[in-house]
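Colleague: I'd like to go over a predicted model; first the sequence, then the structure.
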Amino acid sequence: MKLIIINGTPKMDGVCYSFVTAAEEIAIDLDIDFDTICLSNENLMKCKMCTDGWGICFKEHYCVLSAKDGFDALHKKVKDADLYVYITPVYWGEISEEMKIYLDRLRRCEATKQWDSRENQVSFHKGKGSILVATAGGGGAGTLSALAQLERAVVNMGGDEWPREQEGIFDCISVNRWNQEYKRETLKAAIRDWVAIYRQEKEVPPMNQGPNEQQ
């Protein structure tokens, strides 16, 4: 299985980044393949709402700006994962600018597949799991609205399957300056539980363990 950690903070320290580190640590402990995408390093352009508000993304499900900023490579990179962990700081009660730019363009490419009659056009988020994390530096009131933004984007892309044990939104984690310590453990526990359910349902052994080595 493959885990993608989508990091929406530009900082390499602080509360939000500590959750990125926590997700990486548990992935290593669980012996699963993972990749971390730091959106602030991608320099993505914001959606231009081509032509009448919808460009080629509506019918062909790719972004015309991809050749200019590398979005196409990023789009392909995230497609094959099984679990997505979205981690964003909260600014003014909303997700980070980097996360919003990424989700705006990704959603236009993936969510529009629900109106495509071609059988092979299905959003990669459909049937996948997601864990959402929003961290606030203050009292944390804005985390709920930020989590709602993340949830709406994932649901738009088909990430609302049932049962939710391994498909759809597995957990939403709200973080503030006072609860950050135990919420890091909550994130680790959420990933650990999701992976255990996935392995049981799919009969998938750990990455470095062959089928004859299972206990």
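Modeller: Cool, the structure landed.
Colleague: Could you list the buried residues of the lowest-mean-pLDDT helix or strand in the chain?
Modeller: Each helix and strand of the chain was given a mean pLDDT (mean pLDDT, DSSP states H and E); the minimum falls on helix 66-69 at a mean of 86. Across helix 66-69, burial judged by 16 or more other CB atoms under 10 Å covers 66, 69. In short, each C-beta sits where N, CA and C put it, glycine included.
Colleague: Please name every helix or strand in contact with it.
Modeller: helix 71-79 (3 or more CB pairs under 8 Å, 6 or more residues apart in numbering; DSSP states H and E).
Colleague: returning to that earlier point: and the contacts of the least confident helix or strand of the chain?
Modeller: Helix 66-69 is touched from outside by 42, 43, 44, 45, 72, 73, 75, with contacts defined as CB atoms under 8 Å, 6 or more residues apart in numbering.
Colleague: quick one: which of those residues is most hemmed in?
Modeller: residue 44 (22 neighbours; other CB atoms under 10 Å).
Colleague: all helices of the protein, in order?
Modeller: Along the chain, the segments classed as helices by DSSP state H run 14-29, 57-60, 66-69, 71-79, 97-110, 143-156, 180-202.
Colleague: and these, which one is worst for confidence?
Modeller: Here the lowest mean pLDDT among those goes to helix 66-69, at a mean of 86.
Colleague: Residue 155: what's it in contact with?
Modeller: By CB under 8 Å, 6+ apart, the neighbours of residue 155 are residue 169.
Colleague: How about the one 3 residues further on?
Modeller: Contact criterion CB under 8 Å, 6+ apart gives 110, 111, 113, 114, 122, 123, 125, 126, 127 as the residues in contact with residue 158.
Colleague: In a markdown table: these, plus neighbour count and distance to residue 64.
Modeller: Below are the contacts of residue 158 laid out as a markdown table (neighbours: other CB atoms under 10 Å; distance: CB to CB, whole Å):
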| residue | neighbour count | distance to residue 64 |
| --- | --- | --- |
| 110 | 26 | 16 |
| 111 | 20 | 17 |
| 113 | 19 | 17 |
| 114 | 13 | 21 |
| 122 | 14 | 22 |
| 123 | 22 | 19 |
| 125 | 28 | 21 |
| 126 | 16 | 24 |
| 127 | 14 | 28 |
